[in-house]
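A.B. asks: My questions concern the predicted model and sequence given below.
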Amino acid sequence: MPEVIFAGPAGRLEGRYQAPKQRGAPIAIVLHPHPQFGGTMNNQIVYNLFYTFANRGFAALRFNFRGVGRSQGSFDHGVGELSDAASALDWVQAVNPEARACWIAGVSFGSWIGMQLLMRRPEIEGFISIAAMANRYDFSFLAPCPSSGLFVHGSEDRVAPAREVMPVIEKVKTQKGVIIEHQIVDGANHFFDGKVDELTQTVDTYLDKRLGKRDEAA
């Protein structure tokens, strides 16, 4: 899995990239949790999501937002991080010019950034949003949400409690034919400590439904 450095709006951004074996393979970008609370591209959930997509033959990228690890710049309260995510998608598309489809996945803060990117890039056809803090960040920009996807929360999440988050997500309007699904991982906290494997299985099951069973040889 090669380390990559690509240009971002505030300087170089550091990432890990898994090239697809097939030309025209879809793209997946995975966005990490809050940079000021220890979030990096090496977060276990980010790591697992990255390989979940890579093992399905996607061109997969995870990267550090500005000011994290070897990525240049400094934390920008979501504005700059959204620009970083757009630059990341631009870079993967430049490397894979025949790709037509894209998925975005994000964890906590990264899910908020990912859903904003979804609204700006019509080529994004699916999303995975883990521990979205819809109780702390404004998700009203999803008006309507243009792509189907999955929200997953832990039943014991104290940062973004399901009882506070689910009503917000359920109010999200969708375009015709778009379906937003919600799953709860029983016993999981905001970080899915001890429950990452169950979370990964939940995501895999959803992707099986959307994309078909993955080819183990892919």
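C.D. replies: Cool, got the structure.
A.B. asks: Give the buried residues for the lowest-mean-pLDDT helix or strand in the chain.
C.D. replies: The weakest-scoring helix or strand in the chain, judged by mean pLDDT, DSSP states H and E, is helix 162-170 (a mean of 90). Buried residues in helix 162-170, counted by 16 or more other C-beta atoms under 10 Å: Ala162, Val165, Met166, Val168, Ile169. C-beta here means a position set from N, CA and C on the backbone, and glycine is covered the same way.
A.B. asks: Val79: which of these is nearest?
C.D. replies: Val168 (21.5 Å; C-beta to C-beta).
A.B. asks: Format the buried residues of helix 162-170 as CSV; extra columns: distance to His190.
C.D. replies: Listed next are the buried residues of helix 162-170 as CSV, based on distance: C-beta to C-beta, whole Å:
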residue, distance to His190
Ala162, 11
Val165, 11
Met166, 15
Val168, 16
Ile169, 16
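A.B. asks: hmm, which two among those residues are most spread apart?
C.D. replies: Maximum pairwise distance among these (C-beta to C-beta): 10.7 Å, between Ala162 and Val168.
A.B. asks: Excluding chain neighbours, give the residue nearest to the most centrally placed residue in the chain in space.
C.D. replies: The residue lying closest to the centre of the chain (C-alpha atoms, centre = their mean) is Ala105, at 1.5 Å. Spatially, and ignoring its direct neighbours in sequence, Ala105 is nearest to Ile128 (4.0 Å; C-beta to C-beta, 6 or more residues apart in numbering).
A.B. asks: Likewise for Leu117?
C.D. replies: Closest to Leu117 by C-beta to C-beta, 6+ apart is Ala85, at 4.9 Å.
A.B. asks: Run through the neighbouring helices and strands of the helix or strand harbouring that neighbour.
C.D. replies: Here Ala85 sits within helix 79-95, counting by DSSP states H and E. Judged by 3 or more C-beta pairs under 8 Å, 6 or more residues apart in numbering; DSSP states H and E, the packing partners of helix 79-95 are strand 3-8, strand 11-18, strand 27-31, strand 59-63, strand 102-107, helix 109-120.
A.B. asks: check contacts around Leu142.
C.D. replies: By C-beta atoms under 8 Å, 6 or more residues apart in numbering, the contact set of Leu142 is Met115, Met119, Val172, Lys173.
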